[in-house]
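Visitor: Predicted coordinates and the sequence they were generated for:
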Amino acid sequence: MFKVNLYIETTNKGPSKRKAAGMYILEFITESGQTITRNGVIYMAAVTENRLVLHLFLEALKRITKSCSLAVFTTCEHVFNVLNYHQLSQWEKNGWKNAKGKETDQMQLWKEIREYLGMHVVTLTAADHSYRKIYMKGMLEKEMNREHVENVEMRKDAE
């Protein structure tokens, strides 16, 4: 089966809303063992870590066109826990409402993510990876130094 690694990093950690940048890297391993990467950067003026990670996750999933074995690397506890504890299935059974009977503000993003995840075998990890410290950290610092962006901005394959 085709193997893909997805790495997601953000400058915002935790539930507070603030200016933040996030990046994903998709790493495809070809049958010949060659590594191919694709990436995207999102900058938002007022966002929580959870929402930014969901946007990055969705944008990355949209770029994967074949069924694959997908390893997701994220330190976002919310995304990790929702997927690890199979909460998407429960929300879907409950009409996309949480345990309190309410639709969360991120439910639409989760619905879209659920559609894309169905075609993949997914594993999750919070493990460190080689892209985090040098490449992704540098790219995100560069994004945070940009002057001004009012709405969500998505750039693919930023260099």
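Guide: Noted; the coordinates are in hand. Residues are numbered from 1 along each chain as shown.
Visitor: Would you map the helices across the protein?
Guide: 49-62, 77-84, 87-93, 107-117, 130-131, 137-144 (DSSP state H).
Visitor: which helices and strands sit right next to the longest one?
Guide: If you count contacts as 3 or more C-beta pairs under 8 Å, 6 or more residues apart in numbering; DSSP states H and E, helix 49-62 packs onto strand 3-10, strand 18-29, strand 35-47, helix 77-84, helix 107-117. (Glycine included, C-beta is placed from N, CA and C.)
Visitor: So for this structure, the centremost residue is which one?
Guide: Residue closest to the mean C-alpha point of the chain, counted by C-alpha atoms, centre = their mean, is Phe57 at 2.5 Å.
Visitor: where does this protein dip in pLDDT?
Guide: Within the chain, the segments meeting pLDDT under 70 span 133-134, 146-159.
Visitor: Would you mind measuring from the residue lying farthest from the centre of it to His120?
Guide: In the chain, the greatest distance from the average C-alpha position (C-alpha atoms, centre = their mean) is reached by Ser32, at 27.0 Å. The gap separating Ser32 from His120 is 22 Å, by C-beta to C-beta, to the nearest Å.
Visitor: before we move on, what about Tyr24?
Guide: From Tyr24 to His120 the distance is 15 Å (C-beta to C-beta).
Visitor: Those two - which one has more neighbours?
Guide: Set Tyr24 next to His120 and count neighbours by other C-beta atoms under 10 Å: Tyr24 wins out with 28 against 19.
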